[in-house]
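Asks: coordinates only, no sequence provided:
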């Protein structure tokens, strides 16, 4: 409980008054792979209208725009909005499709997007209000793609598995089972993939909005 409280306070500072340090902190904890890891959600995108929840400093927004997609970003942090705006302007984009708001109350019409993305979000992503809103703004059959966590390849991980007596496959099974439940409860069909990339392992949630027949 104490650790969870500390993390909430820490991330609150990181996303707001200390937002200018976000890239440095992210690069440090990921051994410089943070942005590379985030790009791995791109192959899971479907359609051309994309909403990113928690756009942060705007690196993924810039990438999505470079791919010719109609990308919109939503973030609660004013400071992150400023950083992302600068990022997009540096990329030569005059139109800045960013909005300030909460993922639990997405300020866009129903069925506006083909894909909703979120990379390394905080606990809000598992809130049923967030998942309900994501489902609402998706088209029938649209996808919510979440990259909730990653860990670098490191000899220490092998040592930890030996100490705990748990194999990597067993750990993955536990993670997948726990991650699926909130998305299933929100009415999504869910697939969990663990990507083995050169620099680490990435957990990707692909939650598909079930088809709804409009009468």
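Replies: Looks like it arrived, so ask away. Predicted model only: the values in this text are computed from it and were never measured.
Asks: mean confidence score for the strand ranked longest in the chain?
Replies: Looking across the chain with DSSP state E, the single longest strand is strand 138-152. For strand 138-152, mean pLDDT rounds to 90.
Asks: buried ones in it, by neighbour count?
Replies: 138-139, 142-148, 150 (16 or more other C-beta atoms under 10 Å). C-beta here means a position set from N, CA and C on the backbone, and glycine is covered the same way.
Asks: with stretch 180-195 instead?
Replies: 180, 182-183, 186, 188, 190, 192, 194-195.
Asks: low-confidence ranges in this protein?
Replies: 1-35, 154-175, 212-215 (pLDDT under 70).
Asks: how about the strands in it?
Replies: Under DSSP E, the chain gives strands at 49-53, 70-75, 98-100, 113-119, 138-152, 188-197, 200-209.
Asks: could I get those strands as TSV with distance to residue 131?
Replies: Shown next, in TSV, are the strands of the chain (distance: least, C-beta to C-beta, whole Å):
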stretch	distance to residue 131
strand 49-53	11
strand 70-75	15
strand 98-100	19
strand 113-119	10
strand 138-152	7
strand 188-197	7
strand 200-209	8
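Asks: how about the ones you listed, which one is nearest residue 90?
Replies: strand 98-100 (14.2 Å; C-beta to C-beta).
Asks: centre of the chain to that closest one, how far?
Replies: 16 Å (C-alpha atoms, centre = their mean, to the nearest Å).
Asks: who's in contact with it?
Replies: 55, 58, 61, 72-78, 81, 84-85, 88, 107-108 (C-beta atoms under 8 Å, 6 or more residues apart in numbering).
Asks: quick one: strands adjacent to that strand?
Replies: Sheet neighbours of strand 98-100, with direction, are listed as strand 70-75 (parallel) (DSSP bridges).
Asks: contacts for the partner strand, please.
Replies: With C-beta under 8 Å, 6+ apart, strand 70-75 has contacts from 48-56, 58, 61, 64-65, 81, 84, 97-101, 103, 106-108, 113.
Asks: those residues, buried ones only, as a ChimeraX selection?
Replies: Here is the ChimeraX command that selects the buried residues among the contacts of strand 70-75 (16+ other C-beta under 10 Å):
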select :49,50,51,52,53,54,55,56,58,61,64,65,81,84,97,98,103,106,113
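Asks: the chain: helices as residue ranges?
Replies: Ranges of helices in the chain, per DSSP state H, are 2-15, 22-29, 34-38, 59-66, 78-90, 128-137, 155-164, 168-185.
Asks: count the neighbours of residue 203 for me.
Replies: 18 (other C-beta atoms under 10 Å).
Asks: wait, residue 177
Replies: That count, for residue 177 with other C-beta under 10 Å as the rule, works out to 10.
Asks: picking up where we left off before, please identify which of the strands of the chain is closest to residue 176.
Replies: strand 188-197 (4.2 Å).
Asks: good, wrapping up.
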